[in-house]
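Colleague: Model the following, please.
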Amino acid sequence: MKPTLANSELAIMDLLWEKTKLTARQIRETLYPKATKAQHGTVQKLLQRLEDKDFVMRDRSQYVHMFMAKITRQEYAASQLESLASKLTAGSFAPLITHLVETSKISDEEIEEIKNILDEYKKSEEK
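Modeller: Numbering: from 1, shown residues only. I've put the predicted structure just below:
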């Protein structure tokens with residue numbers, strides 16, 4: 001399981017998931033439009049932390065380094081959901097899904113999509 005990201009790290013990951021490849025400067029200018037040198041250092045440290053945690057890779061082939069996400073948003077979300085289920089419900093997703101359905105947090109379309117995914121999974125398991 002991947003570690004939980006701090007909000008500042010998640011903000012950078014959101015940009016990388018959206019734009020695919022960015023320089024530290026592009027990230028800084030997006031997150032801090034009126035940036036100072038302090039924000040530049042902050043972005044550099046956050047990128048280094050994300051690289052150390054294996055969330056981000058750095059392309060060093062050019063003079064200006066490009067940063068890319070190593071995992072998808074879906075992979076991160078799945079990891080966090082697994083961690084949450086493990087902590088709160090002994091690894092079972094049923095209570096989480098039940099809560100979301102009962103509190104109308106899942107739309108009818110999403111319920112239908114989940115049913116289709118489960119049907120497909122069941123068919124592939126039967127083969």
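Colleague: name the element the residue nearest to Thr23 when sequence neighbours are not counted belongs to?
Modeller: Nearest residue to Thr23, sequence neighbours excluded (C-beta to C-beta, 6 or more residues apart in numbering): Val64, at 5.3 Å. Glycine gets a C-beta too; all of them are placed from N, C-alpha and C. When elements are defined using DSSP states H and E, Val64 is found to belong to no helix and no strand.
Colleague: which regions of this protein sit below the pLDDT cut-off?
Modeller: Along the chain, segments meeting pLDDT under 70 span 127.
Colleague: Could you verify my assumption that Leu5 touches Phe55?
Modeller: Yes: under the criterion of C-beta atoms under 8 Å, Leu5 is in contact with Phe55, at a separation of 7.2 Å.
Colleague: who has more neighbours, the two?
Modeller: Residue environment comparison for Leu5 versus Phe55 gives the larger neighbour count to Phe55, 22 against 19, counting by other C-beta atoms under 10 Å.
Colleague: Now do that one against Ala6, distance only.
Modeller: Distance, Phe55 to Ala6, by C-beta to C-beta, to the nearest Å: 11 Å.
Colleague: got the residue ranges for the strands in the chain?
Modeller: For the chain, applying DSSP state E gives strands covering 21-23, 56-59, 66-69.
Colleague: Can you give me the neighbour number for His110?
Modeller: Quick fix: residue 110 reads Glu, not His. Applying other C-beta under 10 Å, we find 12 other residues in the vicinity of Glu110.
Colleague: swap in Lys70?
Modeller: Lys70 has 15 neighbours, counted by other C-beta under 10 Å.
Colleague: Relative to Ser86, which of the strands of the chain is closest?
Modeller: Nearest of the strands of the chain to Ser86, taken as C-beta to C-beta: strand 66-69 at 24.0 Å.
Colleague: what does the closest one contact?
Modeller: With C-beta atoms under 8 Å, 6 or more residues apart in numbering as the contact definition, strand 66-69 has outside contacts at 13, 16-17, 20-24, 27, 47, 55-59.
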